[in-house]
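J.: I'll drop the sequence and a predicted model, then ask my questions.
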Amino acid sequence: MDGIIEPVELDQLIDGCRQHKRASQHRLYALFYNYAMTIARRYTGQLETSEEVVNDAFFKVFTKIDLYAGDLPFRFWLRRIIINTAIDRLRGALSATPTLELQAWHDAELDAGIIEDLTREQILALLDQLPPAYRAAFNMFVVDGFSHEEIAVMLQISVGTSKSNLARARQHLRAILINDFEFSKKI
C-alpha cells in the first residue's frame, strides 16, 4: 500500500465510500494512487493514459464499492479493476495489432547481471518499447500471473495468440537488452 493504514481504518474508509462520503473517497484514492499508477503504467506505457486508467478505475471502485465483499484484501480487488480498466482501454490498440501464430525461436543468451542491475524505471522503459499486444500479454502472464486461458478471455483473443504474444514480447525484450548491453560494452 502507498501509505501506512491499519485494517480497521481501511474498513472505515470503505464504509465511508459506500456512504458516498467524499472525504473517504479522497483518502482511499490518495492511499492507493501510486499503487494504481504502477499497475496502469505497466499496461499502458504512457503516463497520460495511465492517469486516465487510474481515474476510470477509481470511478468504478466508488460506484461499485458495494460489490466488494471483503473476502480478499482490498488491494487485490482494486488491482483487478485497474487491470480490467487498462485492458478495456487497450482493446482497440490490441485489435489493430496483427496476430501471428506461435513460431519457433531460439533463446538469446543474456548476461545474468544485466537484468539484475536494471532499475524499476529501466524495466518500465523496456516494457514501453513493446507493442501494446505484447506488453499486455507479458504483464498479464509474467507479472500478474494470469494463465493463457484467462488472458485469452480477457483480451478476446485465442490461447495461441496469447502464447505467441508472450513469446514475441520476450523475444523483443531480449533483443533490446542484448543491443543495449552490446552498445554499453563498446563505451
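T.: Alright, I've got the coordinates.

J.: contacts and neighbour counts: CA atoms only from here.
T.: Will do.

J.: so for the strand or helix carrying Arg80, what gets flagged as buried?
T.: Per DSSP states H and E, Arg80 falls inside helix 74-96. Across helix 74-96, burial judged by 16 or more other CA atoms under 10 Å covers 77-79, 81-87, 89-91, 94.

J.: also stretch 58-70?
T.: Those would be 58, 61-62, 65, for stretch 58-70 by 16+ other CA under 10 Å.

J.: returning to what we had before: could you pull up the mean pLDDT of the helix holding Arg80?
T.: Average pLDDT, helix 74-96: 86.

J.: could you dump it to PDB, C-alpha only?
T.: Presented in PDB, the C-alpha positions along helix 74-96 are these (Å, rounded to 0.1, in the frame of the first residue of the first chain):
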ATOM      1  CA  PHE A  74      -8.900  -4.600  -0.900                       C
ATOM      2  CA  ARG A  75      -5.700  -4.100  -2.900                       C
ATOM      3  CA  PHE A  76      -6.300  -7.400  -4.800                       C
ATOM      4  CA  TRP A  77      -9.900  -6.300  -5.700                       C
ATOM      5  CA  LEU A  78      -8.600  -2.800  -6.700                       C
ATOM      6  CA  ARG A  79      -5.700  -4.400  -8.800                       C
ATOM      7  CA  ARG A  80      -8.200  -6.500 -10.800                       C
ATOM      8  CA  ILE A  81     -10.300  -3.400 -11.500                       C
ATOM      9  CA  ILE A  82      -7.200  -1.500 -12.700                       C
ATOM     10  CA  ILE A  83      -6.100  -4.300 -14.900                       C
ATOM     11  CA  ASN A  84      -9.500  -4.700 -16.400                       C
ATOM     12  CA  THR A  85      -9.800  -1.000 -17.000                       C
ATOM     13  CA  ALA A  86      -6.400  -0.800 -18.700                       C
ATOM     14  CA  ILE A  87      -7.300  -3.800 -20.900                       C
ATOM     15  CA  ASP A  88     -10.600  -2.100 -21.800                       C
ATOM     16  CA  ARG A  89      -8.600   0.900 -22.800                       C
ATOM     17  CA  LEU A  90      -6.100  -1.100 -24.900                       C
ATOM     18  CA  ARG A  91      -8.600  -3.400 -26.700                       C
ATOM     19  CA  GLY A  92      -8.700  -1.000 -29.700                       C
ATOM     20  CA  ALA A  93      -4.900  -1.000 -30.000                       C
ATOM     21  CA  LEU A  94      -4.800  -4.800 -29.500                       C
ATOM     22  CA  SER A  95      -7.300  -5.500 -32.200                       C
ATOM     23  CA  ALA A  96      -5.300  -3.300 -34.600                       C
END
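
J.: which strands and helices lie in contact with that helix?
T.: helix 22-44, helix 47-63, helix 132-138, helix 148-155 (3 or more CA pairs under 8 Å, 6 or more residues apart in numbering; DSSP states H and E).
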